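Visitor: return a 3D structure for these sequence lines:
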Amino acid sequence: MGFSITSVTMAGVIIIFYGLVLGFRDRYDTKMAIGTVILVLGIAEFVIGIWAAICCCMMNPCTCCTTQQVSFL
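Guide: The predicted structure follows:
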């Protein structure tokens, strides 16, 4: 789950930076096309990373998402 959260963070940074870079470009060229592909892949990684973290948490490897409380008395 830690790797999923880390990849979501890095994908968010990629989305922000490449979004700003593409927002300030005034002409279409090869660099803009490559930047657009990287931006789309960053968005896909963001969605997949959040989905993987949710799936890991729902498998209950930790007690952060469960509502059951176990008493050892």
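Visitor: what's the mean pLDDT across stretch 56-70?
Guide: If you average the pLDDT over stretch 56-70, you get 65.
Visitor: where does this structure have low pLDDT?
Guide: In the predicted model, the chain carries pLDDT under 70 at residues 60-73.
Visitor: max-length helix in it?
Guide: helix 30-58 (DSSP state H).
Visitor: how about it: buried residues?
Guide: For helix 30-58, the neighbour count (16 or more other Cβ atoms under 10 Å) marks 35, 38, 39, 42, 43, 45, 46, 49, 52, 53, 56 as buried. Yep, even glycine has a C-beta here, placed from its N, CA and C like the rest.
Visitor: so which elements touch the strand or helix carrying residue 13?
Guide: Secondary structure assignment for residue 13, by DSSP states H and E: helix 2-23. Helices and strands touching helix 2-23, by 3 or more Cβ pairs under 8 Å, 6 or more residues apart in numbering; DSSP states H and E, are helix 30-58.
Visitor: next, count neighbours for residue 19.
Guide: Using other Cβ atoms under 10 Å, residue 19 is surrounded by 14 other residues.
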